[in-house]
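**Q** Sequence first, predicted model second:
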Amino acid sequence: MSILYGLIFIFAFAIVCSLIFSFILRFTSLQESSLQYVVTALSFIGLFGGGFLSGGKRKEKGWLIGGLTGLMYSLIVFLFQYLGYDRLFDAEQFIYHTCYILISMMGGILGVNISAGHSRSA
């Protein structure tokens, strides 16, 4: 159940960021290529936040819960791309999604440790 909270956060964060960037691209003279690194950084932040939320909800095994959250995200994106566009991951996407899983694991570890720290002092 905690993985679902993480996935909801990740996709909600992605939707909000996509909306903001679509307005920026529409109403300014910026090009999509000039925002590439910002989009990548926000993707990492979203996956870290999703892993953090999953780990915080579960309160144990943060690396596993965070990793499963990142893996589920990558699986959903893969299925969308494969079933919708009939394309597999290329090498660059594989590297990105491996990093997404690792970032989500780190978020899960931190989420467990921070939530456990608050519960012990209460």
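**A** Perfect, I can see it now. Numbers count the residues shown, from 1 in each chain.
**Q** Point to the residue nearest the middle of the protein.
**A** Leu47 (2.1 Å; CA atoms, centre = their mean).
**Q** if I read this right, it contacts Ile10, doesn't it?
**A** Yes - using CB atoms under 8 Å, Leu47 is in contact with Ile10, at 6.1 Å. In short, each C-beta sits where N, CA and C put it, glycine included.
**Q** mind listing what's buried in the worst-scoring helix or strand of the chain on mean pLDDT?
**A** Taking mean pLDDT, DSSP states H and E as the measure, the helix or strand of the chain with the lowest value is helix 91-121, at a mean of 87. Neighbour counts over helix 91-121 (16 or more other CB atoms under 10 Å) mark 96-97, 100-112, 115 as buried.
**Q** who touches Ile10 in this structure?
**A** By CB atoms under 8 Å, 6 or more residues apart in numbering, the residues touching Ile10 are Gly46, Leu47, Gly49, Gly50, Thr69, Tyr73.
**Q** tally of neighbours for the nearest residue to the fifth one once chain neighbours are set aside?
**A** Here the nearest residue to Thr69 in space, its sequence neighbours aside, is Gly6; by CB to CB, 6 or more residues apart in numbering that works out to 4.0 Å. Close neighbours of Gly6, defined as other CB atoms under 10 Å, add up to 31.
**Q** Which pLDDT value does the model give Gly6?
**A** Looking at Gly6, its pLDDT reads 95.
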